[in-house]
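>>> pasting the structure only:
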């Protein structure tokens, strides 16, 4: 996977808000950089390089000590939220100029902790994901995440590729009668949208469950949007054949991929359903449980093993990845080209 | 082990026929090349590079689909037995010229699946092993195999070296009164034969079991033949002191070594006994069980740990292997020299 | 940790005498060199390179066979205590000149087996550790050792650094009211001594236990001596406030660090108490048990995880270790400078 690096000037999801308890200390690696993340008892968020500059002890072994500070467990040096050493408890108390660590810009949004990995001078607005904005009335599921033993590019490849669902997820997210469908690609700046309209098809399990769960044919639409460098928004729309979109139902999903190292990634996931079919609470609960099981199966039993296997093959060929291109690969080709340009600009 | 590569233009045993169920898909690595192996329901054998050229998914995750084809699990591309992509189910169905994989020549012989790892233009006859030919009347044991965490060269070294049996296999395959025996080496083309005649010795356990199992002295002979690059035929002959070979008994064994990677190997084994001593079925069954236990002990508790330990030492010295030569090493020296010549010719 | 190598011309502890049973064979790695160590039934100590020069089988798989010899398990070649092959049981019995292995100078002292890793021509006296000399009357504890997954330099750093005890070992070996204390450094040749006097402090658990175990304030003194390259002598002295040293009690401890590889080490430990407080045997037994638990906690739950974590951080930065220096680092800076000079001289 040497052909494609990552972008440093970007916001990446570091962890879920629900997993970040105030007053506790968390350890994460993003783009190969180790960091310690904490939320103080006063609610302030801090992300620092996970290395005490004194003896290279990880600050994530330390403890919080007021004023948004963290104290190293080895010798008690204290660092503030800017990464500066502000207290040396020993001897003359002198703090050498080198005693500072990198501080990361960190924001909380949509129930997730986002970290800016580039220079602070280049910082942009945090990403906007409409369906996750407060007050939209969507029924949100609880965000979740997986740790993946695959390079992040393969995950993006998999998500912008709408054609694999009829094979890898046959019966679950796709099926044989959707194979002939053409993918439409639209690029807008550094965002691409790939879509696929599948009229009058036998609904795969997931589409059936969010709709009438009766197995009758539906019109289906998949729309996937890639926002550079690693945000994927995936819409699944289902209606009765010939009906307008508004008469149907659907799912908005955000797949937020964070490169951990060249070989591993974090995969964060949030979704919302709209146009819910009226059901009794018991029925709705059962449907939600079956949807969760279907998502888990697609991610953990189908996508993840496939991507791990691809990565093993790529490694066997010394990291060289020269795929034979099909016309279904428009999305894959386009996002990689845009990213390569962005990376080249960033390095220039 | 950098001093000695492997030969590509050769037939290697990929697996045992008994382990290859028709309609199922198998994954093997030989000479660092990943391959998928299958036997179709019509009995056709196929061995293909284990990489879908489209997205580098392993074809061994796919499924068989008629006409000797395999379909990739990721996007359903189908490949025929020649390795050509013959079906793209998507969009316009166009198949790019790059959508093909390497196909290996594959043959079944002696209850084993053999793969030709070199260019098809250079293909030779599959190896002939007389005692495994049908109709010879030998009582064959069931072929077996071991996966070994050692380079293949150390396994060949061990097999052509008849002198180690009195130490590493003392009491089991050799003993103190055989140490003085000289090894005779004969070379014929790219085949070497090392033999050792040991008159009137106390029989080690294995020789005793195949003969009268009474511990009385025997004349013993070991004859090992190396056929380039990785076939070893080992004969053990036992008679009463002074008797002619025809009055005795013996074992023919084939040790078929397949390099998996530089560091690991498959070890396939087949053997036949001749001149069987008359025994009741119960006695014979007990003898066979004790012979199997002796073989297992020699392989798995003596040879294999020794070769793994050698390999650890070789790695500690940075892969350098400059052994001090003794006159017992005639076989080791000769086979390595022949192989080095063959490899040099192949590379030229 | 590329900035600092190790010294070859030095005595290193290979193992504890108590672990070396006569007639048995032991395998150790020191400075990346594999060796086999044994004590013959006649009491002779031998340390040889752990590689039969014939086929690179480890001699540590062999067996002892009289005259201080070891026989290789693979082909029975025998080596004497000088590392020369003295017996080839095969064929003409010829021993090629290359059939010899390195022999290490080895001495037993203070209940430990010491090996000289440099050229025999450069050999020096084995180190002298006064409190371990016979006849001094000290109450010695049983020597012990730990295998550490950290480079040896980090262990020395940790030991010559008296300031970390108030943080990493807070309450156990140090405490908040000792932080202000200055470290005194004295260099004498290639030995440095760092000391710290802490009057009228609340005794941490370990100091309290060796004294009156009543929690009352004490005068404390820590004195650490580094003897190049890897011997640390640590004294802890405790008295009632204002009393002379002789009226108090203390512990002499020797920490003997042996680099195994660049990344791993052996940590040998011996200690003696003096000026013991009079107690009933039962009370004394209980105190000893609590002291052992405190030592175990400090080593295994505090120092060792911290050093492993430091090493992980150093590896993340590609092995680069450029610590920001504080004035408490006088010992760390000095011993590394002396060692660097000694290594440079050795290489010159």
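Right, received. Where do you want to start? Quick caveat: nothing in here was measured; it's all calculated off a predicted structure.
>>> Phi and psi next, for residue A:228.
Main-chain dihedrals, residue A:228, degrees, to the nearest 10: phi -60, psi 140.
>>> Could you pull up the residues touching it?
By Cβ atoms under 8 Å, 6 or more residues apart in numbering or on different chains, the contact set of residue A:228 is A:7, A:10, A:190-191, A:335, A:338-339, A:342. (Each C-beta comes from the backbone N, C-alpha and C, glycine too.)
>>> redo that, cut-off 10 Å
A:7, A:10, A:127, A:156, A:189-192, A:335, A:338-339, A:341-342 (Cβ atoms under 10 Å, 6 or more residues apart in numbering or on different chains).
>>> can I assume residue A:183 is in contact with residue B:92?
No: in this structure residue A:183 lies outside contact range of residue B:92 using Cβ atoms under 10 Å: 11.8 Å.
>>> Residues in contact with both of the two, list them for me.
Counting by Cβ under 10 Å, 6+ apart, the common neighbours of residue A:183 and residue B:92 are A:327-328.
>>> ok, those two, which is more surrounded?
Comparing residue A:183 with residue B:92 by other Cβ atoms under 10 Å in any protein chain shown, the one with more neighbours is residue A:183, at 21 against 10.
>>> Next one: the more buried one from residue A:341, what distance?
Look at residue A:183 and residue A:341: by Cβ to Cβ, to the nearest Å, they are 22 Å apart.
>>> Would you point out which residue of the stretch 51-200 of chain A is nearest chain B?
Per Cβ to the nearest Cβ, residue A:167 is where the stretch 51-200 of chain A lies closest to chain B, at 4.4 Å.
>>> So for that residue, what's the pLDDT?
For residue A:167, the model assigns a pLDDT of 97.
>>> residues touching residue A:312, list them.
A:149-150, B:34, B:50, B:56, B:58.
>>> Drop anything exposed from those.
Among these, those buried by neighbour count (16 or more other Cβ atoms under 10 Å in any protein chain shown) are A:150, B:34, B:50, B:56, B:58.
>>> Touching, residue A:233 and residue A:272? I think so.
No: assessed by Cβ under 10 Å, residue A:233 is found out of contact with residue A:272, at 11.1 Å.
>>> and the residue of the stretch 201-348 of chain A found nearest chain B, backbone torsions?
Of all residues in the stretch 201-348 of chain A, residue A:324 sits closest to chain B, at 3.9 Å by Cβ to the nearest Cβ. In terms of degrees, to the nearest 10, the main-chain angles of residue A:324 are phi -80, psi 120.
>>> Walk me through the domains of chain A.
A:11-122, A:130-347 (automatic domain parsing).
>>> now the helices for the stretch 101-250 of chain A?
Along the stretch 101-250 of chain A, counting by DSSP state H, counting those that start in this stretch, helices occupy A:152-160, A:165-168, A:205-210.
>>> and the lowest-mean-pLDDT helix or strand in chain A, what other elements does it pack with?
Lowest on mean pLDDT, DSSP states H and E among the helices and strands of chain A sits strand A:139-140, with a mean of 86. Under the contact definition 3 or more Cβ pairs under 10 Å, 6 or more residues apart in numbering or on different chains; DSSP states H and E, strand A:139-140 sits against strand A:265-274.
>>> Show me how far the strand it packs on is from its chain's centre.
Its chain's average C-alpha position is 7 Å from that of strand A:265-274, according to Cα atoms, centre = their mean, to the nearest Å.
>>> Quick check: next helix or strand after it?
Sequence order places helix A:281-296 as the next helix or strand after strand A:265-274, per DSSP states H and E.
>>> Surely residue A:32 and residue A:262 touch.
Yes: contact status for residue A:32 versus residue A:262: in contact at 7.3 Å, counting by Cβ under 10 Å.
>>> If you count surrounding residues, which of those two has more?
Neighbours per residue (other Cβ under 10 Å) separate residue A:32 from residue A:262, with residue A:262 holding more: 16 against 11.
>>> my read: that one touches residue A:152, true?
Yes: look at residue A:262 against residue A:152 with Cβ under 10 Å: they come within range, at 9.0 Å.
>>> Do a quick rundown of the strands in the stretch 1-150 of chain A.
Taking DSSP state E, counting those that start in this stretch to define them, one finds strands in the stretch 1-150 of chain A at A:11-16, A:25-30, A:33-39, A:45-49, A:63-64, A:70-71, A:78-79, A:85-87, A:103-109, A:112-116, A:139-140, A:144-148.
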